[in-house]
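Novice: Structural data only, the sequence is not supplied:
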């Protein structure tokens, strides 16, 4: 079968698996510890489900949610109301609660398309408060402050015993963990992390940011609804004072202490925060003060949570297994598609920033298979051009045509999918995922599998994943980073990050590659290496649009050059023509300093 | 209707007072102090202790309260913001730490002052006065006027003085600000202390309206953030307008639905405002440069 | 004027600067050249107090400033133009200069005089005085950064890669400007990758390699050293 069957675990990884099995055995043996403890364990399972869901949206996708208790309440009350008012069984209530919470999650997610960070925190707090008030005030539906009493779970006409309920919850919880793990280890999970680490770069990788953010909110809401419904049937009574803002804070704290963005985080956090406090009862009225202080100490002392700290201490835990042979071809050949001669055309494009013309009436034609360079003084509008071509900025006037298709009014991710990839002037890697995963994010647009394939690990999904991984290793080898594959991308030096960006851009299998000052900050050896890589890319028929200040480098590798000055085209031609152009020398190159200036 | 408008303006002023203090911290550190509501609550508690319980004259009590709360705000800075260094950004660390501080403050207040809300005398007595045919408490007028004065003060300080310039510079970069010979640390501390002083004043102004208790600012605090964001964070004009707008809309909505929905309505307004215009009424939208 | 004795500087666990010593005398232009990552910026940050050395001393006019906070060092008469220009992007050009002159803010005539002087030196800044600095071009921002540093009447001006990321024509401009400032009596410590240009205007130079001073001497000596020629100056492809 695939690579994952042959996978060998190193010592540290084996240790974690053993630990995980021990925790599982502990849970399996739960009923032996008596009725009170069993209830506590059941509650822990419910919290594990909701925090795993919260981890998707807050930990992986980086969207803070302080309103999770609201979604949890929606699940709980949907289950409760259906069971009491419509006399429905647990087995109908459960999917209904997940669906209703999911729809609410979708609605909550809509503002996130516009806001993030503390704005989002406030929006989600608001959602929590609104739900809380509705529960109290909408008496006919919710029973108001008095709450609702709910019947027990039945199976085959018989109510389940406490122990049976517990094992049912355990099965549901394990299933949830497995499915979520599958999604997080797939392109979807990587897309979430990419959005968290760098939204603009993620968009330029062909990731539909809005779609994925909403997906993260819906997934986490569905799990909150599931957990809420389980809670209703566990406690057989629900009332509004369970679902407060403080509970939302508690859920977020759980994943922060455990470690956001790791599967183990919610597990560690839940074990610590649900079961440990039982032993702190002696603190009585000081308990909440200790809890508040703990919050402060933990976020300061363990910024990445417990699992994050462990990973940073023992990096071998997340080591990628390097394949014995790297055979795949790093760059996909684009030469066959060379029927038409022009690839990219800009027609009279103008872009203004608050009255200032960054680009004025600019026209440009880039030929297929060529290396075309843009040079000019800082502020001449070079980066603005790249941002217009990739859809980060919308032009005020004019058209951009790529491969015969007008692209000036399409979203960046669609432009990326159409075959334009880029690197950034100031490097924009996805810092908190591995170097290898960075490149795999680049391959995002090439997948044909869907969420179903990833969730249930279908053959198609696994095949595509294997292919992506092989291609990513080949690209890493090409840019000389194969020994850093498992490290977080932000631990690379600036120069290495530049090469990583190029590899990531190539993973998108583009027709046009935009390089925005790829040589900035590189030393001479690295620049020579870069030139060599660009030659390779060109030989595969990929067109390159290059912005660069290192003039000798530009003159050496370009087929044609366009010089910009003050947002306008100053000159255009072959390197030879440009070097001799009097206007260019005056505005940009400077007299008799041409060679030295690099 | 007029009565609703009037009570909306008073509550709005209080939201604005909180928003102004939240703003001043935001302007220099780029963070939102989620414990600000609780600091206002502490202000009310100290004022109660100094003025009502100990019988210290009002003005002296006010000054003592301001000093005490300013010290609390500075301690808060050292415990929950400073440890995260100079680059705060959108990290969750300070958010959780300030939320945690809020929990600590509330529960300490419960231990020390008890959970029972206590009355606090309004400024200017409880005789109603008539202005343009509307009956008002003198206290309500004080609330409006003091809020307006503080908003104007900040507008001038932030917009026109070298201190305001330095505050803006600190939010861009601590190290570059130091290279100008300005102690960025002192600037940040000044801002936290100022936010503490306004919190103390806000505490005294709210107390007669809400009564003094550990939970008195539980939702008012959150609405203060809402007001700041509706107006555009970091902007004193916006904080003032945002606070008033939120208060008035809330009060007008109250004439249509039952009072239990008050907070729900306020937060709904806030969410809609943030979603439609995240940069705020007075904020400027800009395209992010890559 | 400035004497650095055997400093060591670390970022976390990694020692970036190892036993570095150098000096700058009154009226000189001294340049430190070296490849990317050699530790040039770290040295500059240490001299200005933004980083603290783990060992060694930094004497400025005889006073050890190795443990002095950055804002106090500026007061002693040492100003820096940081790497990447770092003008305050949301302040206007004028407000940037005001902040640069924060230390002399009480002396109004002096402040006015300095502003006039900077406008004379960089006429473009006067033209754009009301414009927000973030909208200036790279070259203009560099001029503003230098002017801002000069506002506090520094005795010693530190320039960290003033030419980085600038178009070739601006590079020449900036070096001319540095020379002018030197002629007007400011002592200058310069860190540069463009060794060729920098050495032309320098009196003395040091070569930094992987955190150590590999070579030191007059600019002419350094320019003619065969190893320097090979690694930093001509005869290279890019």
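Specialist: Received it, and whenever you're ready, just let me know what you need. Since the model is a prediction, treat every value here as computed from it, not as a measurement.

Novice: Could you give the number of residues near residue 47?
Specialist: By default, I'm working from chain A. 25 (other Cβ atoms under 10 Å in any protein chain shown). Quick note: C-beta positions are derived from backbone N, CA and C, even for glycine.

Novice: oops, I was thinking of chain C
Specialist: Residue C:47 is flanked by 25 other residues according to other Cβ under 10 Å.

Novice: so what's it up against?
Specialist: C:2, C:4, C:58, C:78, C:80, C:158, C:189 (Cβ atoms under 8 Å, 6 or more residues apart in numbering or on different chains).

Novice: Surely the second one is within a helix?
Specialist: So that's residue C:4. No. Applying DSSP: H, G, I helix; E, B strand; the rest coil, one finds residue C:4 to be strand, outside a helix.

Novice: quick one: it from residue C:64, how far?
Specialist: Counting by Cβ to Cβ, to the nearest Å, the separation of residue C:4 from residue C:64 is 11 Å.

Novice: Name the residues contacting each of these two.
Specialist: Listed contacts common to residue C:4 and residue C:64 are C:57-58; contacts here mean Cβ under 8 Å, 6+ apart.

Novice: Which one's more surrounded, those two?
Specialist: A count of neighbours by other Cβ under 10 Å puts residue C:4 above the other of residue C:4 and residue C:64, at 23 against 13.

Novice: does that one really touch residue C:22, like I thought?
Specialist: Yes. Applying Cβ atoms under 8 Å as the test, residue C:4 and residue C:22 come out as touching, 5.3 Å apart.

Novice: distance of the nearest residue to residue B:51 once chain neighbours are set aside from residue B:146?
Specialist: Leaving out its chain neighbours, the residue that sits closest to residue B:51 by Cβ to Cβ, 6 or more residues apart in numbering or on different chains is residue B:61, at 3.8 Å. Remark: distance between residue B:61 and residue B:146 (Cβ to Cβ) = 16 Å.

Novice: do residue C:157 as well
Specialist: Between residue C:157 and residue B:146 the distance, using Cβ to Cβ, works out to 48 Å.

Novice: By residue count, tell me the biggest helix in the chain.
Specialist: As the question left the chain open, I've gone with chain A. helix A:209-235 (DSSP state H).

Novice: Chain C, not that one
Specialist: Assignment by DSSP H gives helix C:168-183 as the longest helix of chain C.

Novice: Need the residues that contact that one.
Specialist: For helix C:168-183, contacts defined as Cβ under 8 Å, 6+ apart pick out A:377-378, A:549, A:551, A:586-590, A:593-594, A:597, C:27, C:29, C:121-122, C:138-139, C:142-143, C:146, C:150, C:157, C:159, C:162-163, C:166, C:188, C:190, C:194, C:197-198, C:200-201.

Novice: Mark which of those are buried, thanks.
Specialist: A:377-378, A:549, A:551, A:587-590, A:593-594, A:597, C:29, C:121-122, C:138-139, C:142-143, C:146, C:150, C:157, C:159, C:162-163, C:166, C:188, C:190, C:194, C:197-198, C:201 (16 or more other Cβ atoms under 10 Å in any protein chain shown).

Novice: how many other residues sit next to the closest residue to residue A:289 other than its chain neighbours?
Specialist: Sequence neighbours aside, residue B:107 is the residue nearest to residue A:289 in space, at 4.7 Å (criterion: Cβ to Cβ, 6+ apart). Neighbours of residue B:107 under the rule other Cβ under 10 Å: 21.

Novice: Buried residues, the strand or helix carrying residue B:107. List them.
Specialist: Using DSSP states H and E, residue B:107 sits in helix B:92-113. For helix B:92-113, a neighbour-count test (16+ other Cβ under 10 Å) marks B:92-110, B:113 as buried.

Novice: Now do the strands in the stretch 101-250 of chain B.
Specialist: For the stretch 101-250 of chain B, the strands defined by DSSP state E, counting those that start in this stretch cover B:129-131, B:134-136.

Novice: same deal with the stretch 1-150 of chain A?
Specialist: Ranges of strands in the stretch 1-150 of chain A, per DSSP E, counting those that start in this stretch, are A:148-149.

Novice: for chain C, what are the nearby residues on it?
Specialist: Counting by Cβ under 8 Å from any Cβ of the partner chain, the stretch 1-150 of chain A comes close to chain C at no residue.

Novice: Check the gap between the residue nearest to residue B:51 and residue C:73 for me.
Specialist: Residue B:61 sits 43 Å away from residue C:73 when distances are taken as Cβ to Cβ.

Novice: Of these two, give the one with the bigger neighbour count.
Specialist: residue C:73 (23 against 20).

Novice: quick one: contacts for the more buried one?
Specialist: C:48-49, C:60, C:65.

Novice: Which secondary structure state is assigned to it?
Specialist: Going by three-state DSSP: residue C:73 is helix.

Novice: Find the nearest non-adjacent residue to it, please.
Specialist: Distance criterion Cβ to Cβ, 6+ apart; nearest residue to residue C:73, sequence neighbours excluded, is residue C:49 at 4.4 Å.

Novice: wait, what's in contact with the one you found?
Specialist: B:178, C:65, C:68-73.

Novice: Check residue B:193 too.
Specialist: Applying Cβ under 8 Å, 6+ apart, we find residue B:193 in contact with B:70, B:73-74.

Novice: what's the closest non-adjacent residue to residue C:28?
Specialist: Nearest residue to residue C:28, sequence neighbours excluded (Cβ to Cβ, 6+ apart): residue C:203, at 4.6 Å.

Novice: May I see the contacts of residue C:47 organised as CSV, with pLDDT, distance to residue B:35 and secondary structure added?
Specialist: Supplementary listing: the contacts of residue C:47 in CSV, determined by pLDDT from 0 to 100; distance: Cβ to Cβ, whole Å; DSSP: H, G, I helix; E, B strand; the rest coil:
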residue, pLDDT, distance to residue B:35, secondary structure
C:2, 92, 45, strand
C:4, 93, 44, strand
C:58, 94, 40, strand
C:78, 93, 39, strand
C:80, 93, 37, strand
C:158, 94, 40, strand
C:189, 95, 45, strand
